[in-house]
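>>> Could you look at this predicted model? Sequence included:
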Amino acid sequence: MLKAITLLALSALTIGFSGWPACREQQNKNDRPVVENQKADLPELKTLAEGSHSAIEEPFVAVIRDAETYQNLRELDQNLPSRDEEFFRMNVVVAAFLGTRNTGGYSVEISYGEKGQIRVAEKTPPKGSMTTQVITSPFKLVSFATNGTPPVTLSLAESFQQRAERYRVSTGKFTLSGGFAGGTESFQLKGKLNITRLGKLLTIGFALVSSGGQRERSLRDTATGFIKDEKIQIVEMSHGSLLDPPSGDLQASGKFLEKNRLSLDISSKPINVPENYNGTGSIVADLVGASAN
């Protein structure tokens, strides 16, 4: 179902070199989520976990809406808190990993921007401050409650964009059908994708607009998926305005055709609602360079 808010990912969780037991003790404190930069018209950002040491030592931001994708993330850092399928029925997780830093004093901040996007920033130690002389890998996970699948837009600090690649859509199409009149509408898709990979995981930022249809439609969303048997799978993502309500969420599958090209098939999930809309489409995108967002 359409999740109506446009958005774009920890009491302290310390996964230090000093040992795992302390980490577990800190994680238990996260049973009391911390409200993060709440705005009146936006859902609370609740801290699930945060700390200075993660097994994930490369910059990466994930937007996760399903238990299977989250489990793939936990395989990279088993000390992240467990969350089951029931949790993801009503919640989205934004996880941010800063990568390695040569000293302590660094952390990750996740908050709402002025336009409702989710802002992910690096907090650095003040000039001249005393810091622990140890390599760190700061991280933070937050969640927010949803009623549907809202598009998530991210505003990322430069630290989190270092490994992103920008793809431009060379061919794209989408067809929707259904509704009370049972009609069909087809249109072209153009735009760009921003992709960051981490092991089997990849986060895709979609910025797609339609052409040739009855009206302009768009998909501006961020979704994390995983690669299984050389095939990309995104279990759940927003449909933006590509579909009219009532309609199911989108899912995507595809693969890297070659080093510089990506193909994705997109389809809506079935829902048991009379006169609902459904849609299918595909895009092919070519690598054009590093992210400039």
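Thanks, I have it. Note that the structure is a prediction, hence the values are computed from the model and not measured.
>>> can we go C-alpha only for contacts and neighbour counts from here?
Fine.
>>> ok, the nearest residue to R74 once chain neighbours are set aside to Q71 distance?
Nearest residue to R74, sequence neighbours excluded (Cα to Cα, 6 or more residues apart in numbering): L80, at 6.0 Å. Going from L80 to Q71 by Cα to Cα, to the nearest Å gives 10 Å.
>>> Give the burial count for S170, as a bare number.
14 (other Cα atoms under 10 Å).
>>> Double-check that it belongs to a helix.
No: under DSSP: H, G, I helix; E, B strand; the rest coil, S170 falls outside any helix and is assigned strand.
>>> Counting by contacts, list what the strand or helix carrying D221 packs against.
Applying DSSP states H and E as the criterion places D221 in strand 218-228. Using 3 or more Cα pairs under 8 Å, 6 or more residues apart in numbering; DSSP states H and E, the elements in contact with strand 218-228 are strand 60-64, helix 67-76, strand 201-211, strand 231-237.
>>> Next, the angle strand 231-237 makes with the second one.
Counting by axes from the mean of the first three to the mean of the last three Cα atoms, to 10 degrees, helix 67-76 points 120 degrees away from the direction of strand 231-237.
>>> what's the angle from helix 67-76 to strand 60-64?
150 degrees.
>>> between helix 67-76 and strand 201-211, how many degrees?
140 degrees.
>>> quick check, distance from helix 67-76 to the centre of its chain.
13 Å (Cα atoms, centre = their mean, to the nearest Å).
>>> Buried residues, that helix. List them.
In terms of neighbour count (16 or more other Cα atoms under 10 Å), helix 67-76 has its buried residues at A67, E68, T69, Y70, Q71, N72, L73, R74, L76.
>>> now the angle from it to strand 218-228?
Using the same axes, to 10 degrees, helix 67-76 lies at 60 degrees relative to strand 218-228.
>>> what pLDDT, on average, does the helix or strand just after helix 67-76 get?
Using DSSP H and E, the helix or strand that follows helix 67-76 towards the C-terminus is helix 85-88. Across helix 85-88, pLDDT averages out at 97.
>>> Make a markdown table out of the helices and strands packed on strand 218-228 and add mean pLDDT and distance to E258.
Below are those laid out as a markdown table (pLDDT from 0 to 100; distance: least, Cα to Cα, whole Å):
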| stretch | mean pLDDT | distance to E258 |
| --- | --- | --- |
| strand 60-64 | 98 | 23 |
| helix 67-76 | 98 | 24 |
| strand 201-211 | 98 | 16 |
| strand 231-237 | 98 | 13 |
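>>> All set, thanks.
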